[in-house]
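[1] Build me a model:
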Amino acid sequence: MTTPAPHEPQPATPNSLPRIVVASLIGTTIEWYDFFLYGSAAALVFNKLFFPGSDPLVGTLLSFLTYAVGFAARPLGALVFGHYGDRLGRKRLLVVSLLMMGGATCAIGVLPTHATAGSLAPVLLTGLRLVQGFALGGEWGGAVLLVSEHGDARRRGFWASWPQTGAPAGQLLATGVLSGLTATLSDAEFLAWGWRVPFLLSGVLLVVGLWIRLSVDESPVFKAALARAASQAPARGAAAAERMPLVAVLRDQWRDVLVAMGARMAENISYYVITAFVLVYATGHTQLSKQTALNAVLIGSAAHFAVIPAWGALSDRIGRRPVYLLGAAGVGAWAFPFFALVDTGSFGALVAAVTVGLVFHGAMYAPQAAFFSEMFTTRVRYSGASIGAQFSSVAAGAPAPLVATALLAEHGSATPVALYVMAAAVLTLVAVGCARETRHRDLSDEAHGADGRAEPSFAPERG
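    Sure, this is the predicted structure:
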């Protein structure tokens, strides 16, 4: 009978793991609600409220430019939260990110518009968007690691995919609130005060999310790694936690960081084209109503939420890479049919276009949490996963609605936009194709070799 290691991490109990999953899911839902709410508002009203006097399409471009600013702050958030998350723990930083995001979103709800504050209004809006992006840059890594590191390695893809459903849940909630308001208020009422309601609602959600996040335990894998490092520190003359996780991960695992960045290209670009740019395209180019476009995204987001755990479970059976590659190939192949369906002007065709696109997106997004977590060692995992995920957002998600809108304005056709999505899919196929399969890796430090990479902790399932 073997004796366990002195600081061996204990897996979460059957009762505690779902509680941890729920805590991460609710927190990510709130954070994505705040972030997506801005994107929807940028497409529908911010061009009129904060950038008046411009050509409608130019106003939309300016509105999406402030939207992109949030992505520019995400890498900085990844660096800061990753550094302290690897030194102090996952839980503390998740609480901070939630407070920052919720506070910034509530503040947007009370901002003066251009009509009352002039040029100061878009400046304040941009500043709050920066805070949102900074907070979200640190949110994702901590949320998925808290679940990934709590146990049940054989079903890690399934359990870790649940925080990923926070994105469609947040989209669903944000779009649902906006859809309800646009259905009950006149355009004048919505522009006058109705748009503020969903931003102020974030304050209520913040209290709920904070209460739940404070109730969960720190990652046992992180605590065990910290304890082992502390016991070895006197002999090594080293600190218990990695002093500079960023330096360590870029020195030892830079290839994994590049793979993660490449993997995000198609996932990020396709998502914002399907959910944000489609609002501009459907309402402007095909003359569908705001309500119709929002309802289509609402239905698609519900389907997206449902398929993510299923894709995550499949990645536990056949691997992260095959499921991810299927999703990347799917969004690339769907790019032209997507716009062809939207061009019909039919609500049913629009729903089909958005839903199928999001189902393919889910095949990338679902295994991503476990895939990225398994790439990095415990002492740099928060930094590695966050940097890989968020630095790519500057080149992918940040400019996606802006690039798509500019291409549409220049060519008057969706063909260049479809080619743009296809090019992103090719980049992701190459990146993931170069990666190694990770589903059998143990997240504890004992399973990592001298090169900093994890080795399989159990034999592949047979049959």
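[2] contacting residues for residue 353?
    Residue 353 sits next to 278, 296, 337, 338, 339, 341, 342 when contact means CB atoms under 8 Å, 6 or more residues apart in numbering. Heads up, the C-betas are built off the backbone N, CA and C, glycines and all.
[3] Just the buried residues out of those residues, in PyMOL syntax.
    Only the buried entries of the contacts of residue 353 go into this PyMOL selection, using 16 or more other CB atoms under 10 Å:
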select buried, resi 278+296+338+339+341+342
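[4] So which of the contacts of residue 353 sit within helices?
    If you go by DSSP state H, the contacts of residue 353 have 278, 296, 337, 338, 339, 341, 342 in helices.
[5] re the thing from before, which one of the contacts of residue 353 is nearest residue 364?
    Checking these against residue 364 with CB to CB, the nearest one is residue 338 at 15.7 Å.
[6] Now do the nearest residue to the closest one once chain neighbours are set aside against residue 401, distance only.
    Leaving aside its sequence neighbours, residue 338 sits nearest to residue 353 (CB to CB, 6 or more residues apart in numbering; 4.7 Å). Separation of residue 353 from residue 401 (CB to CB, to the nearest Å) stands at 17 Å.
[7] Please apply the same query to residue 20.
    Applying CB to CB, the value for residue 20 to residue 401 is 34 Å.
[8] who's more crowded, these two?
    Neighbours were counted for residue 20 and for residue 401 using other CB atoms under 10 Å; residue 401 has more, 28 against 22.
[9] Can you name the element that comes right after the helix or strand that one falls within?
    Taking DSSP states H and E as the definition, residue 401 sits inside helix 400-411. Counting by DSSP H and E, the next helix or strand C-terminal to helix 400-411 is helix 415-434.
[10] List the contacts of that following helix.
    Under the criterion CB under 8 Å, 6+ apart, residues 258-259, 261-270, 273, 277, 321, 324-325, 328-329, 331-332, 335-336, 338-339, 364, 396, 403-404, 407-408, 410 lie in contact with helix 415-434.
[11] ok so, going back, now the ones in helices among the contacts of residue 353 as TSV including distance to residue 118 and pLDDT?
    Shown next, in TSV, are the ones in helices among the contacts of residue 353 (distance: CB to CB, whole Å; pLDDT from 0 to 100):
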residue	distance to residue 118	pLDDT
278	32	91
296	36	92
337	45	97
338	40	97
339	38	96
341	42	96
342	37	95
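[12] now residue 291, nearest residue through space, not along the chain?
    residue 182 (5.4 Å).
[13] Same question for residue 293.
    Per CB to CB, 6+ apart, closest to residue 293 is residue 282, 4.2 Å.
[14] The helix or strand containing residue 334 - contacts with which helices or strands?
    Using DSSP H and E, residue 334 sits in helix 320-343. Taking 3 or more CB pairs under 8 Å, 6 or more residues apart in numbering; DSSP states H and E as contact, the helices and strands that helix 320-343 lies on are helix 254-272, helix 290-318, helix 347-375, helix 415-434.
[15] Which one, of those, ends up nearest to residue 177?
    Counting by CB to CB, residue 177 lies closest to helix 290-318 out of the helices and strands packed on helix 320-343; the figure is 10.0 Å.
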